[in-house]
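Q: 3D model of this:
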Amino acid sequence: MPEERNQSNALIGRWHRELLVGISSRCQGRGGVPLEQLPGREVVVSSIGIEFDIEASTLYWEDLARYLSAYGKRGRRKVYLTATPQCHFPDRNLGNALNTGLFDYLWIQLYNNPPFQYSAGSGDINSLVSSWNRWTTSIKAGKIFLGLPAAPQAAGSGCVPSDVLTFQILPLIKKSPKYGGVMVWSRYWDLQNGYILHPFRKVYEK
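A: Alright, predicted model coming up:
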């Protein structure tokens with residue numbers, strides 16, 4: 001529909017303007033010279049990373065993903081596409097975008113959704129592992145990360161005890177060739193209790 005295409009183009013145009021404004025305000029030119037002092041204002045950018053953290057609307061995100069991917073291929077710099085979908089599959093808002101197969105990294109939020117996460121009451125890991133397997137076998141992406149709360153206070157539900165993550169969950173999910181690591185929310189709570197360092201020291205030193 002022409003109206004839908006116009007809205008899609010408007011979304012892409014807004015992204016493009018905001019990207020250029022962001023680069024101009026944050027980047028430095030060659031040799032560390034402030035951008036405003038450069039003749040022609042040449043900008044050095046090694047790569048660009050765009051994260052899709054969408055919690056409303058399903059419209060046009062696949063168009064934006066295709067545009068960003070093509071934008072990176074036309075230029076000299078890689079555009080990395082990442083997303084943080086909810087754990088239910090497919091994600092209600094990002095499903096069409098993820099089906100493009102253009103995303104480099106996915107950070108799956110396997111918490112705040114009891115049917116798909118670790119059960120603190122019973123200690124059951126099956127729902128979480130099943131959700132992980134569904135994502136890693138159904139979506140084409142470079143690497144997929146397991147997203148967890150760094151502490152019970154960091155989310156409504158879904159926090160996994162460190163020993164359970166270390167000895168029960170990681171040995172299973174690491175079997176996937178798409179396994180990229182673990183993401184925790186948030187960094188503040190991670191700093192408070194060292195959650196993310198505890199399991200990885202034990203698992204990767206073996």
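Q: show me the shaky parts of this structure.
A: For the chain, the stretches flagged by pLDDT under 70 are 1-49, 54-56, 58, 76, 197-206.
Q: 80 instead, please
A: 1-59, 75-77, 194-206 (pLDDT under 80).
Q: which residue ranges make up each domain of it?
A: For the chain, automatic domain parsing gives the domain ranges 1-45, 47-204.
Q: all strands for the chain, in order.
A: 47-52, 78-83, 105-109, 143-149, 179-185 (DSSP state E).
Q: could you dump the ones you listed into JSON lines with distance to residue 171 and mean neighbour count added?
A: From N, CA and C alone the C-beta is placed, and that goes for glycine too. Formatted as JSON lines, the strands of the chain follow (distance: least, CB to CB, whole Å; neighbours: other CB atoms under 10 Å):
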{"stretch": "strand 47-52", "distance to residue 171": "29", "mean neighbour count": "15"}
{"stretch": "strand 78-83", "distance to residue 171": "26", "mean neighbour count": "20"}
{"stretch": "strand 105-109", "distance to residue 171": "18", "mean neighbour count": "23"}
{"stretch": "strand 143-149", "distance to residue 171": "13", "mean neighbour count": "23"}
{"stretch": "strand 179-185", "distance to residue 171": "11", "mean neighbour count": "18"}
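Q: format those as a markdown table; extra columns: distance to residue 59.
A: Shown next, in a markdown table, are the strands of the chain (distance: least, CB to CB, whole Å):
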| stretch | distance to residue 59 |
| --- | --- |
| strand 47-52 | 13 |
| strand 78-83 | 16 |
| strand 105-109 | 20 |
| strand 143-149 | 25 |
| strand 179-185 | 26 |
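Q: out of the ones you listed, nearest to residue 194?
A: strand 179-185 (10.7 Å; CB to CB).
Q: what pairs with the closest one, parallel or antiparallel?
A: In the sheet, strand 179-185 lines up against strand 143-149 (parallel) (DSSP bridges).
Q: surely residue 66 meets residue 102?
A: Yes. At 6.7 Å, residue 66 counts as touching residue 102 under the criterion of CB atoms under 8 Å.
Q: just want to know which of these two has more residues nearby.
A: residue 102 (19 against 15; other CB atoms under 10 Å).
Q: any idea how far the more buried one lies from residue 128?
A: Distance, residue 102 to residue 128, by CB to CB, to the nearest Å: 27 Å.
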